[in-house]
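In: No letters, just coordinates:
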């Protein structure tokens, strides 16, 4: 539970890593009724806090992590805590809660299903963003936190931040929603490709694989598909271009006639291929395939209007001041769509500002260029 | 060999399908020395012709097909032959030659290797775009065609068209190069993902699978990855949006607890997922996995400057009048890069014009919106 992770980021964050004030588990004392109609038996939420709740109980901030992130926000978003940045270890009480479905401590497909005594595996139910937010509210209740001065997150973390503002309008003063809008058809397509990469791996075995024999090649390919949507063509061109792989392979090598290079059909890799393979390898050592599938569905199904009659009815509930951040080269959640989404929310009567982050880093910019993000928010 | 195919297109072309004047095989009387250093023993080129060579032998046009296309250009590009369009069945002698490495009649990985008496499989060597062009020149020699009034193609077909203009400057009067520039890092990344999808399928078996037991799930996923790069986010949003799959699936369905829906980790599909699955299924019935791998490498390795000291030295050879066409929503070969590429070629002293096709169809527009393409070229 203490492994530092970058949510969607490939690279590591520069600067120091902050240790939490406390890291531990909260077990819900009741089953969680899910939007899909199932229940999740008394789930565990793994969480970390930084700083301390003040006597007035008005300094709490909730940070929501992205797909493959963990509760250790001080490890993957350290520059957001820099002096004068967005958060203050001295003045804020920062809470970050691992998502349900994840493999970093909260109840997920790898957890034991009390009904069977075995891990959930493919029986793990669909958890929505709203389900997560409702469970998180119970944890905040237990910490004595009624009001959040800020809830913030990028990507699926931003989905949670907005859902908090809608579901618990009286508890949220400000919201910071980065690089996200409801997933469009292209985003759904990318998730469908990733899902298949895992499903097609025979080691996945319908989700019933043993932890020591996971679907490594499938999860690696899924991560690599995701990486192309997290980054940008300009960044890839600048960093990798058409260079041969830096390990010394030759894309013109002809592996036919038994050279051991995998035949003339494969051959030596370009540098971008070596980079992607490395990202895949790193990921399979730190993430679980079923957890990945679970959170893809959480992302796919997010619809903040679900159950409301109109945008006015849903977004009109919001009392928080919201800032939306679009990233100029984001391909997964294009900046124009984030901007349009903020406009829809403002048109529904909420206080929603839009700012744009100029970056070549694509969707990943909120993790890869933290100093830029902080500057934009100051 | 008579199956009509759409090169990269998913949909079928509207309008009538034209029958070729002749369709057959040409066998090179010598081995083909390849750029990679290997030789290909007396390869076969499968080709089709439309119309007749006139007495002056000055009405020949060469059309080069895209990745999964065939020699039957009248089937996949019929509107280019419409009255007053780009080509004329009455006045032109149109030749289209299946690429080496393909599974539509020319020598490819599924062909018999005369050295072993068995199919090449993974021993099939790397064939470059230039290798293809040199082989095609021999076929044109045999047809008595010395001069081409036009050579044209989209995607990898455009790579061949430009390479023709460089390698045989005295034989090409005009070139039409659509939706293509040397593949950048993002394009190489997409091809790397597709390659892995096939390689990871255990049925691929290192490329030695039997034709009756091909790597279906791997090739299907590869095709689906390609489809997202052939289309565009606006088109997907307009056509599929966030709709549930039209067959009646529910993306909110919870398949857990033995419902047969693949567990809560998978669930019902969105419409875009149903579309992609259908494209994958259709493709595995008409294309071969090793042929796909072979042509990916042909695309990856294309570098028109290879062997030349400078752009001037390579592109300065060109005598043809070239028109480059970029497609406004092309993600695989972005229009700004096609434009920049045309500028580089013009700066090297060639006659290179750039035109842009406004379309929501992405890279596929040259096949999906043929009437628009024809209008742009008139």
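Out: Sure thing, it's come through. Predicted, not measured: the structure shown is a model, and the values here were computed from it.

In: Can you check the pLDDT for the residue nearest the centre of chain A?
Out: The centroid of chain A falls nearest to residue A:66 when counting by C-alpha atoms, centre = their mean (1.4 Å). Note for residue A:66: predicted pLDDT of 98.

In: Ok, residue A:374 next?
Out: pLDDT, read off for residue A:374, is 95.

In: ditto for residue A:253
Out: We have a pLDDT of 86 for residue A:253.

In: Just read off the phi/psi values of it.
Out: Dihedral angles of residue A:253 (phi, psi; degrees, to the nearest 10) stand at phi -60, psi 140.

In: Now do the residue nearest to residue A:206 when sequence neighbours are not counted against residue B:264, distance only.
Out: Nearest residue to residue A:206, sequence neighbours excluded (C-beta to C-beta, 6 or more residues apart in numbering or on different chains): residue A:122, at 5.9 Å. For the C-beta atoms, the positions are set from N, CA and C on the backbone; glycine is no exception. Separation of residue A:122 from residue B:264 (C-beta to C-beta, to the nearest Å): 7 Å.

In: Could you check which of the two is surrounded by more residues?
Out: More crowded of residue A:122 and residue B:264, by other C-beta atoms under 10 Å in any protein chain shown: residue B:264, with 30 against 24.

In: Could you verify my assumption that the more buried one touches residue A:131?
Out: No - with contact defined as C-beta atoms under 8 Å, residue B:264 does not count as touching residue A:131 (12.0 Å).

In: contacting residues around residue A:71?
Out: Listed by C-beta atoms under 8 Å, 6 or more residues apart in numbering or on different chains, the contact set of residue A:71 reads A:20, A:23, A:46-48, A:65, A:96-98, A:104-105.

In: what about residue A:278, which helix or strand?
Out: Using DSSP states H and E, residue A:278 maps to helix A:271-284.

In: still on that earlier bit, dump the contacts of residue A:71 into CSV; add neighbour count as well.
Out: Listed next are those as CSV, based on neighbours: other C-beta atoms under 10 Å in any protein chain shown:
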residue, neighbour count
A:20, 20
A:23, 19
A:46, 24
A:47, 24
A:48, 26
A:65, 27
A:96, 27
A:97, 27
A:98, 25
A:104, 22
A:105, 22
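
In: Columns secondary structure and distance to chain B on top of those, output as JSON lines?
Out: Below are the contacts of residue A:71 laid out as JSON lines (DSSP: H, G, I helix; E, B strand; the rest coil; distance: C-beta to the nearest C-beta, whole Å):
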{"residue": "A:20", "secondary structure": "coil", "distance to chain B": "30"}
{"residue": "A:23", "secondary structure": "strand", "distance to chain B": "27"}
{"residue": "A:46", "secondary structure": "strand", "distance to chain B": "20"}
{"residue": "A:47", "secondary structure": "strand", "distance to chain B": "23"}
{"residue": "A:48", "secondary structure": "strand", "distance to chain B": "26"}
{"residue": "A:65", "secondary structure": "coil", "distance to chain B": "20"}
{"residue": "A:96", "secondary structure": "strand", "distance to chain B": "25"}
{"residue": "A:97", "secondary structure": "strand", "distance to chain B": "21"}
{"residue": "A:98", "secondary structure": "coil", "distance to chain B": "18"}
{"residue": "A:104", "secondary structure": "coil", "distance to chain B": "17"}
{"residue": "A:105", "secondary structure": "coil", "distance to chain B": "19"}
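
In: which one of the residues you listed sits closest to residue A:83?
Out: Of all the contacts of residue A:71, residue A:83 sits closest to residue A:20, with 18.6 Å by C-beta to C-beta.
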